[in-house]
Structure formats: structure tokens, C-alpha cells
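In: quick check, what structure comes out for this input:
(chains A and B)
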Amino acid sequence: MNEDEIQLVAAVRPDAPPYDPEAKAAARRGLAAAAASRAPARPFWRGPRMTLLAGALAVAAAATGVVLVTGTGPERGPVEEVVVALPEIAPVSAREVLGRAANAATRTGTDLEPRDDQFIKVESETMYAAYSHMDADPAADATGETRHLYRTRRTIWQSADGSREGALRVEHLEPKAYPGWPIPEEAYEAVGRVGMDRLPVCEPVPDFLRTDHAALKRLPTDAEGMRAHLYEGDRGGNSRDEAAWTRVGDLLRENYLPAAQRAALFKAAATIPGVNAVEDAEDAAGRKGIGVGRVNLGGVREDLVFDPETYELLGERGVVVDEKLAKSPEGSLVASTAQLSVTVTDEAPAVEGDDRSGCG
Amino acid sequence: MGATALADKDPSHDWTKQVVTLSFPHRAAAPALSPPSDDAALIEESLADPDRFAGLFDRHADEIHRYAARRLDDVTTADDVTAETFLVAFRKRARYDLTRPDARPWLYGIASNLISGHRRAETRRLKALSRQAPEQAAGFEERSAERVTADGLRPALAAALARLSSAERDLLLLVAWAELTYEEAAQALGVPIGTVRSRLSRTRTKIRRFLESHA
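Out: Numbers count the residues shown, from 1 in each chain, chains lettered A, B, ... in the order given. Now for the predicted structure:
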């Protein structure tokens, strides 16, 4: 027996499965919550994901009209949707809107075709909810929670096949109030700041979680296959339908999904229980469109907003439909984004810094 | 595809990290701050500003998870061990020896303790290891001599590992699987380096004897 026993043991070292990005993100949030020295009031990662509009806009929205939308049948029975819609326009079904979107996707013939070594550059404007726990803040509620809507202007460069380092530029804009909540002092601290982050090359995640363009190109081009993809894997949470809808947004947001896959995605999205359409939605840039979405477990309706003519994706929005769950008046706009441009570039800006974070 | 963090260069503005985490399930873990050069400096900063501690997670969570996933049979338990490792580290950070720039040995030590608490998942892993078929697919010439020998000994090696005391197994696997130096392993387990050497030597003897009689 000449082999060193340590070498032998090293040689039978088992392979390690990848660290599931969701599990990793949850662990980091748990740590952040411990650092904030109090347990989160609810699971952070399952709260309302999107939040946005200003109080004034929310009031306008509520005043415009309440339309009962019938779609493919929400999980919890019919839901009264507050929409910024022209009341005389009859609601269309999600299947119809997404069907038209699918046709538009295959019709345009202007598909972007980035090479693997290129980057997809996306410019957007976003408004999302920020929740924090600042017991001492005068804006905090009885549990020490504060909320506001933070706004940014973002430019992201992502490697088409995930093999090159990308970059993210974020400019912080003026915050807005989360309807029903005073704006905490902290919300203003970042305003005006512009930051550049590296997007490092990450260890491979399971195929079904990849969103780089090279992986997107290989996704199914039929509705059935795409639907299976949306439901693949246990992503945690309490609703597989909600997870599937979240997945739809993840494939479209700050990315470029090829036309064939995009058409399949729209058809598949129409089959997710609870998904329905509203006629008059608006993105963060003020562009009017058709909203297709569903109500999440946090009482917020999450819509994708489509151009009413080309069915191009304009942005996303979140509107409160359950005052109690969302702790904000019904009709409040609590998330709003606008995807302003999607282009292909040869290079991403180089960003200094040597940390390896940003994966998962 | 979500966002990475908001770029934020000032340590007092950590709320932005939470913001991003909440809104984007993916790529949520990027730290908003430019981190200090070594772990000790980061841990020191976290004493005054606890949020900074997440930077340590960003640096080492993948590595700790890899180790836990190698030692435990199910990945969910590895997820838990990783999360708990950093929570324990966070609570004990005031006692961290700031003269050590690299916190990995310390984290491995915490992880080792937690792994020992999952005896059944560990045992299942070793059983699975003993049943695992050698990798016939790889070309013979591409495989090292150790690998070829070890593949044949795999069931016996797994059985030998299962018979070690947990202190012996912890040390051996920190060196063989996590590739820690003896010095780092000594730090991880909080024992003098002399103890590391003698314990490893004893462990190797045990394995050799077991292989001689069972392989």
C-alpha cells in the first residue's frame, strides 16, 4: 500500500451539486435580517415583489374606474381589479392578448441575434418598493417597518452566453411614497448617486434557472414545452402558479428573448391559472399599454405591460388589489418599470474592483 | 433576470441592499459596497456596522456550501448548514481573531461543527459514496493514478471514513476535500498544529489498516 491515504480520500471526493440561487439568496437575506437584529415580519422573499406609483397617481387610478375582469380564472375566485382603464373598452382575455403578442413576436422579423461573445445592453427605469426595519425612524409603523418606493435608471450589459463579465450602471432618482406610508429619511440618501457594478461570471446554475441569451435560445419554441419550463423545479414559495408567472417576468426583464421563444412564452403564460388582462395599463415612462398579469399572495397585481399595437413589452407594474395583505390602499401603484432600449454591443464597460460577489 | 445591487459606496447606506434583495429574486446577493481588502477588516467593520457582514457571505458562501454538499447527502441540509454557518459566525464575530486576514478556516470550523450535527445525512453520504460507480466514461489516460486506485477502493474507503471518530473525520476531510493546509485546519478546529499532525497520522494509520483488511 504505497498510496498516501489522504490522497486516496481526496480522490474519492464527491462532486458538489450547485448552490441553488434561491437557497443562497434566502440565506443571505436571513443573514441580513439577523444583521438588522430583528426577524423579518414576513418572509422577505415572498413579499410583494413589485411596488411603485406615487400617491397622486394611485388616486387617479382608483378614480378612473373599477372593472371586473374575467380571465382564465384566478386561484381564489373572481377578483375585482382596479385598473387605469377606459371603462368603455371591454376587457379582453389574457389568452387573446398573449396570442396577439405571440403573433407579433414572430411577425416582426427583426430579431436580435447576438453572438455568444457579445453583450445585451438594456436601459430601463424602475420603481420598486423598499422595506426596511428602522425602529428609531419617525416614519416607522408600530412594528418598526418603513416603506417607500425607490426609483432608479439602469443600464445593464450582460454577456450573451454568460462567459464574460458584464456591468450594471445604476442612477438613483428621487424616491416616492409607498401609498399610506411616510417616506423615511434614508430614502433620500442615495439620490443622485451613480454607481457601476461588475457582473461577474458566475458558476453555472441548473439549466432551468439560466437566463443568459445562449440558454434562452435553446428553450422550447412550443407553448407546451415552454409551460413545462415555467413550472420546472421547486422554486419555493406557496404558489407554483405565482412562481411560474414570476418566471415569465424573469425571462423578459432586462434581457432579450428570441422571437420564437417569446411567442411560445406568451402562449404558455396565458395558461397559468389566475392570469388575465386589463385594457389600460401604463409603464414607468408613461406609455399606455395592455396589462397582463395575476394577483400575487401579497395582494398586489403584477402586470406585464404590452404595446397595444406591436405587443412589444413596455414594462411592468404592480397595483394593490388587497388593502389588508398589501398594507396599502387598493389601486395604489407600488411598482412600475419601463424597458427603454434593448441593443447588442461588442463590449461592456470595464468596472474596477476585485470582489467576486454578485452571483446567485 | 434581476438586478444586481445598487451601487453604493458609502457604508452607512446599507438599506439599499435590502431593497434590491426584496425586489429581485435573482442576482440579489451582490453587495452594494466596495469591500475592504481582507476578511478581518470586513469583520472588524461589521462590529460597528452589522450589515457589512453580508460581504463575508458573498465571498465565501459558495465554498462553504460546496464543502457541506460534499459531506452531506441532501442538498437541502447543505443549504441549511451554509445559512446557519454564517448566522453563527455573525453572532460570534466579536470573538474573531483579527490578526487572521482569511476567515475561511474559521468558517470551515463552524461548518464542521454543524455538519457533525447531521449524522444521518453524513452517514447516508458515505453509504452512497461506497456504492458510487467508478467513472468509466473518462479516458483511462486522463485519470490520475490515484484516481484509478481510489476508484477500486471506493467502497472500502467510504467504510473506513464512516468508522473514524467525528474529530478525525472532520480533520481529514478539511485537508482532503476542502484542501486546507495543516495550519488552516488547526485554526478551523481550534487545536494546536501538533495535534493536527498527530491526529492525521493516527487517522491515516486507521485507514491503512482498514484497507489492508477489507480492500
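In: quick check, B:Pro192 in contact with B:Ala185.
Out: No: contact criterion CB atoms under 8 Å: B:Pro192 and B:Ala185 do not qualify, at 11.3 Å. The C-beta positions use only the backbone N, C-alpha and C, and glycine is treated the same way.
In: and the two? Which one has more around it.
Out: Taking other CB atoms under 10 Å in any protein chain shown, B:Pro192 and B:Ala185 do not tie; B:Ala185 has more neighbours (27 against 10).
In: put the alpha carbons of stretch A:310-322 into CSV.
Out: Taking C-alpha atoms only, stretch A:310-322 is exported to CSV below (Å, rounded to 0.1, in the frame of the first residue of the first chain):
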residue,chain,number,x,y,z
THR,A,310,-47.0,45.9,-31.7
TYR,A,311,-47.4,43.9,-28.5
GLU,A,312,-43.8,44.7,-27.6
LEU,A,313,-43.1,44.5,-23.9
LEU,A,314,-43.0,48.0,-22.5
GLY,A,315,-42.5,47.4,-18.8
GLU,A,316,-44.1,46.0,-15.6
ARG,A,317,-46.3,47.4,-12.9
GLY,A,318,-47.7,46.4,-9.6
VAL,A,319,-51.1,47.6,-8.3
VAL,A,320,-52.5,46.9,-4.9
VAL,A,321,-55.8,44.9,-5.1
ASP,A,322,-56.0,43.7,-1.5
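In: could you pull up the mean pLDDT of that stretch?
Out: Throughout stretch A:310-322, pLDDT has a mean value of 88.
In: please identify the buried residues of that stretch?
Out: For stretch A:310-322, the buried set under the neighbour-count rule, 16 or more other CB atoms under 10 Å in any protein chain shown, comprises A:311, A:313-322.
In: save these as a markdown table, and put in distance to chain B and secondary structure too.
Out: What follows is the buried residues of stretch A:310-322, written out as a markdown table (distance: CB to the nearest CB, whole Å; DSSP: H, G, I helix; E, B strand; the rest coil):
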| residue | distance to chain B | secondary structure |
| --- | --- | --- |
| A:Tyr311 | 21 | coil |
| A:Leu313 | 13 | strand |
| A:Leu314 | 17 | strand |
| A:Gly315 | 14 | strand |
| A:Glu316 | 11 | strand |
| A:Arg317 | 13 | strand |
| A:Gly318 | 10 | strand |
| A:Val319 | 16 | strand |
| A:Val320 | 16 | strand |
| A:Val321 | 19 | coil |
| A:Asp322 | 18 | coil |
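In: which pair in those residues spans the largest distance?
Out: Spatial extent of those (CB to CB) is set by the pair A:Tyr311 and A:Asp322 at 28.8 Å.
In: which helix runs longest in chain B?
Out: Taking DSSP state H as the assignment, the helix of chain B that covers the most residues is helix B:193-214.
In: do it and chain A come into contact?
Out: Yes: contact between helix B:193-214 and chain A, assessed by CB under 8 Å from any CB of the partner chain, occurs at B:200, B:203-204, B:207-208, B:211-212.
In: and that helix, what does it pack against?
Out: In terms of contacts (3 or more CB pairs under 8 Å, 6 or more residues apart in numbering or on different chains; DSSP states H and E), helix B:193-214 is packed against helix A:5-11, helix B:145-163, helix B:166-176, helix B:182-189.
In: looking at those, which is closest to A:Thr106?
Out: A:Thr106 lies closest to helix B:145-163 among the helices and strands packed on helix B:193-214, at 50.2 Å (CB to CB).
In: please name the bridge partners of the residue lying closest to A:Leu252 once chain neighbours are set aside.
Out: Once flanking residues are discounted, A:Leu252 sits nearest to A:Leu313: 5.4 Å by CB to CB, 6 or more residues apart in numbering or on different chains. Beta-bridge partners for A:Leu313, by DSSP bridges, are A:Phe306.
In: isn't A:Leu313 up against A:Gln339?
Out: Yes: with contact defined as CB under 8 Å, A:Leu313 counts as touching A:Gln339 (6.2 Å).
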